[in-house]
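Visitor: Next comes the sequence, and after it the predicted model I'd like to discuss.
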Amino acid sequence: MQWGGRTHFLLAIVNKLDEVQHLPSVFITFFAWSISEVIRYSHYAFSCIGNCPYWITYLRYTAFIVLYPLGVGPGEIWIMYQALPIVKKKNLYSETFSALPFSYYDFLKVVLIVYPFLWLKLYLHLFKQRRSKLFKRHDKKRL
């Protein structure tokens, strides 16, 4: 879901609409994405060599608490909302949606409605991962 959302946001909206490319929301989104990827891949790299410091693991499973809402709220969702009038005016993707009973504009409105709910599902999943990675229970052997 995250990959699909990011790909849609990046290729279908930001890439196609010059009018939104200069907005602060794009910077906010790319900033949050970039920081989270640097943290994530640093963790992967250290894990691959078998020497990952705890603070990197902690950062990997904690930074999302701030970065994920930052990238989604004032970033992705806000840009999609700001793109709505431009999408409607340009009748964006009209050829692709011509065989469907709805336009891309209508599709984007539905995406904006369901996005927070889908995002919440992913966000809560990250908390489960965090709990399992940072607070591993060590079962004691019974004698």
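Guide: Received it, and whenever you're ready, just let me know what you need.

Visitor: where along this protein do the helices fall?
Guide: Secondary structure of the chain (DSSP state H): helices at 2-7, 24-48, 54-60, 64-71, 78-90, 94-97, 104-134.

Visitor: Give me the phi and psi for Tyr61.
Guide: Dihedral pair for Tyr61: phi -100, psi 10, per degrees, to the nearest 10.

Visitor: Might one say that it is in contact with Lys133?
Guide: Yes. With contacts counted by Cβ atoms under 8 Å, Tyr61 reaches Lys133, the gap being 5.0 Å. Using the backbone N, CA and C atoms, a C-beta is placed for each residue, glycine as well.

Visitor: one step back: if you average pLDDT over each of the helices of the chain, which is lowest?
Guide: Mean pLDDT is lowest for helix 2-7 out of the helices of the chain, coming in at a mean of 84.

Visitor: what's it in contact with?
Guide: Contact with helix 2-7 is made by 33, 76, 115, 118-119, 122, as judged by Cβ atoms under 8 Å, 6 or more residues apart in numbering.

Visitor: again with stretch 114-130
Guide: 1-2, 5, 61-62, 64, 68-69, 72, 76-77, 80.

Visitor: Would you indicate which residues of it are buried?
Guide: Across stretch 114-130, burial judged by 16 or more other Cβ atoms under 10 Å covers 115, 119, 130.

Visitor: picking up where we left off before, filter the contacts of stretch 114-130 down to the buried ones.
Guide: Buried members of the contacts of stretch 114-130, scored by 16+ other Cβ under 10 Å, are 5, 61, 64, 68, 72, 76-77, 80.
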